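Enquirer: One predicted model, sequence on top.
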Amino acid sequence: MKACIMCGGEGTRLRPLTFARPKPSIPILNKSSVVHLIEHLSKEGFNDIVITLGYMADKIEEELGDGSIFGVHIDYVYEEQKLGTAGGVKNAEKYLRDEPFVVLGGDHVLNLNLREMYRFHEMTDVLVTIGLLSIDDPREFGIADMDVNNRIHRFLEKPGSGEIFSNLASTGIYVCDPRIFDLIPANTKYDFAKDLFPDMLRREIKINGLLARGKWTDVGNAAAYRQAQRWMLESLPGTTIVGHFSTKDARITGPIQLGHNVSVGSNSAIVGPIVIGENTVIGDNVLIGPYTTIGSNCVINDETRILSSYIFNDVTIGSNCNVSGSIIDNGAKVGDNCCLENGTVIGPDAVIGKSTTVHSNIRIWPEIVVRENKSIKEDIINESYV
Ligand SMILES: CC(=O)N[C@H]1[C@@H](OP(=O)(O)OP(=O)(O)OC[C@H]2O[C@@H](n3ccc(=O)[nH]c3=O)[C@H](O)[C@@H]2O)O[C@H](CO)[C@@H](O)[C@@H]1O
């Protein structure tokens, strides 16, 4: 079966994490999210994959190659200009002309039964079946009004208040018949949700919906990213500790997944679910709480507390720090006695001077150097803000 993954977007809402990488390459459990997606597709029998690329195309292509290590075959198509979601898929038409195919976003994290959705679509004569989920606040999504026979009668992209006629949100996962290409203009910016679906409904061309079962999120912003990490950590197997570590007397409670050569100092406590990459060094009297991932080659110094945070590779955190609900990108350095409050996002290679407090939901851009003893209350996007 065929799948098309849209990876052309710039991921501006996830800055500063998308300065150094495209959105699908942001790590979940220390592995690019698009790798998890390809592994899921492979498991579900979608072995023939085409990926549409735009922003930082080479990063994704380098990482995935021809797909053989994941048991799939991958072709790539490139967007010279922004083509939107449907326009991007139209650009891949030559790979998708001969049988129904599923379309997904490169930032999707899911365990949905896609094969079931594909089979459902095959039993109908419609051009597109939209995967729908019931969501409490669907304002960030397309919403659909669907009848008991799966037919969609209304569709509205990102409804404003007073326009929310349904909480059935489009997952942005579509099973399409190749005849759909006749409805999408070539080399033109054109979206499934903003252009194609409203046009089809206007022309009374049938669209089906299917209530998806399982977990799904798109990693569109930092909050969704944290949720995706949480889900994936919850799926770590039982009480196991996988991997190699050395310690004198640390208390380690699973589930924990460790890379090679992790060392944990004296009297430290690590409480899973947690993933730690290789060669990471954790000092004495450190507490690492549940729902945390730490990448490779990191150093966490003595007396520090890290809770529900996602720390990428080559990061150093000083001693006696409090890090809660934060995301810290590659190569960043946090000095001693710092406090990073919930929702902090620190860009790659940024430096936070010692005894600094970063207030909730603050973002610090790459390579910024914050001096000592600061209290950071607004986003730092260039040196003059520090
Ligand atoms: C307009 C559109 O389709 N909206 C849908 C999209 O919104 P959403 O706002 O999430 O759409 P995005 O702009 O994130 O684009 C979705 C995907 O398309 C890719 N992309 C985007 C633009 C582009 O020119 N090239 C490209 O490849 C992005 O990398 C991303 O993977 O997904 C939501 C679910 O997640 C749905 O509820 C929305 O109905």
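Expert: Okay, I see it. Numbering: from 1, shown residues only.

Enquirer: The residue in the stretch 251-386 of the chain positioned nearest to the ligand: what's it in contact with?
Expert: Going by C-beta to the nearest ligand atom, the ligand is nearest to Val345 of the stretch 251-386 of the chain, at 18.2 Å. To be clear about C-beta, it is placed using only N, CA and C from the backbone, and glycine gets the same treatment. Taking C-beta atoms under 8 Å, 6 or more residues apart in numbering, we find Val345 in contact with 16-17, 222, 326-327, 329, 362-364.

Enquirer: switch the cut-off to 7 Å
Expert: By C-beta atoms under 7 Å, 6 or more residues apart in numbering, Val345 lies in contact with 16-17, 222, 327, 363.

Enquirer: Name the member of those residues with the most neighbours.
Expert: Counting neighbours by other C-beta atoms under 10 Å, Leu17 comes out on top of those with 27 neighbours.

Enquirer: That one touches Ala332, doesn't it?
Expert: No - counting by C-beta atoms under 7 Å, Leu17 stays clear of Ala332, with 11.4 Å between them.

Enquirer: Those residues of this structure touching the ligand, which are they?
Expert: Proximity of the chain to the ligand (C-beta under 6 Å from any ligand atom) is limited to residues 6-9, 52, 54, 82-85, 88, 105-107, 141-142, 157, 169-172, 191-194, 218, 220.

Enquirer: Take those and keep only those in helices.
Expert: Taking DSSP state H, the ones among these that sit in helices are 84-85, 88.

Enquirer: show me where the stretch 51-200 of the chain has helices.
Expert: All helices of the stretch 51-200 of the chain, identified by DSSP state H, counting those that start in this stretch, fall at 57-64, 84-90, 93-96, 114-122, 197-202.

Enquirer: Need the winner for burial among those helices.
Expert: Stretch with highest mean neighbour count among the helices of the stretch 51-200 of the chain: helix 84-90 (a mean of 25; mean count of other C-beta atoms under 10 Å).

Enquirer: got the contact list for that one?
Expert: The contact list for helix 84-90, computed with C-beta under 7 Å, 6+ apart, reads 4, 6, 8, 52, 79, 103, 181, 184, 186, 188-192, 195-196.

Enquirer: how is this structure carved up into domains?
Expert: Per the record, the chain has its domains at 2-221, 236-385, by the TED database.

Enquirer: can you put the helices of the stretch 51-200 of the chain in CSV and add distance to Arg21 and mean pLDDT?
Expert: CSV is the format used below for those (distance: least, C-beta to C-beta, whole Å; pLDDT from 0 to 100):
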stretch, distance to Arg21, mean pLDDT
helix 57-64, 6, 96
helix 84-90, 19, 96
helix 93-96, 25, 98
helix 114-122, 25, 97
helix 197-202, 31, 97
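
Enquirer: Now tabulate those in TSV and tack on distance to Ile381.
Expert: Rendered in TSV, the data for the helices of the stretch 51-200 of the chain read as follows (distance: least, C-beta to C-beta, whole Å):
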stretch	distance to Ile381
helix 57-64	23
helix 84-90	28
helix 93-96	39
helix 114-122	39
helix 197-202	36
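
Enquirer: which one of those helices lies closest to Glu303?
Expert: Nearest of the helices of the stretch 51-200 of the chain to Glu303, taken as C-beta to C-beta: helix 57-64 at 36.6 Å.

Enquirer: now for that closest one, which elements pack on it?
Expert: Helix 57-64 sits against strand 48-53, strand 73-78, with contacts defined as 3 or more C-beta pairs under 7 Å, 6 or more residues apart in numbering; DSSP states H and E.

Enquirer: which of those is buried the deepest?
Expert: strand 48-53 (a mean of 24).

Enquirer: closest to Ser308 among the ones in helices among the residues of the chain next to the ligand?
Expert: For those, the minimum distance to Ser308 (C-beta to C-beta) is 32.1 Å, reached by Thr85.

Enquirer: okay, the residue nearest the centre of the chain: pLDDT?
Expert: Closest residue to the average C-alpha location of the chain: Val219 at 3.7 Å, with C-alpha atoms, centre = their mean. Note for Val219: predicted pLDDT of 94.

Enquirer: now do Ile381
Expert: 90.

Enquirer: residues in contact with the closest residue in space to it that isn't next to it in sequence?
Expert: Leaving aside its chain neighbours, Ile381 sits nearest to Trp365 (4.7 Å; criterion: C-beta to C-beta, 6 or more residues apart in numbering). Contacts of Trp365 were listed using C-beta under 7 Å, 6+ apart, and they are 16, 347, 380-382.

Enquirer: Mind checking which of those residues are buried?
Expert: When those are checked for burial by 16 or more other C-beta atoms under 10 Å, the buried set is 16, 347, 380.

Enquirer: got a list of what the closest residue to the ligand within the stretch 51-200 of the chain touches?
Expert: Sorted by distance to the ligand under C-beta to the nearest ligand atom, the residues of the stretch 51-200 of the chain start with Gly142, at 2.7 Å. Going by C-beta under 7 Å, 6+ apart, Gly142 touches 155-157, 169-170, 193.

Enquirer: if I look at it, how far off is Val128?
Expert: Distance, Gly142 to Val128, by C-beta to C-beta, to the nearest Å: 13 Å.

Enquirer: The helices of the stretch 51-200 of the chain: which one's closest to Ser235?
Expert: helix 114-122 (17.0 Å).

Enquirer: Tell me which other helices or strands the closest one touches.
Expert: strand 128-134, strand 168-176.

Enquirer: what is the orientation angle of that helix with strand 168-176?
Expert: If you take axes from the mean of the first three to the mean of the last three C-alpha atoms, to 10 degrees, helix 114-122 sits at 70 degrees to strand 168-176.

Enquirer: In CSV, list the C-alpha atoms belonging to stretch 201-210.
Expert: Listed next in CSV are the C-alpha coordinates belonging to stretch 201-210 (Å, rounded to 0.1, in the frame of the first residue of the first chain):
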residue,chain,number,x,y,z
LEU,A,201,-18.8,20.1,-1.2
ARG,A,202,-19.9,23.1,-3.3
ARG,A,203,-19.9,20.8,-6.4
GLU,A,204,-21.7,18.1,-4.4
ILE,A,205,-18.8,15.6,-4.8
LYS,A,206,-19.0,13.1,-2.0
ILE,A,207,-16.5,13.2,0.9
ASN,A,208,-16.5,10.5,3.6
GLY,A,209,-15.2,10.7,7.1
LEU,A,210,-14.1,7.9,9.4
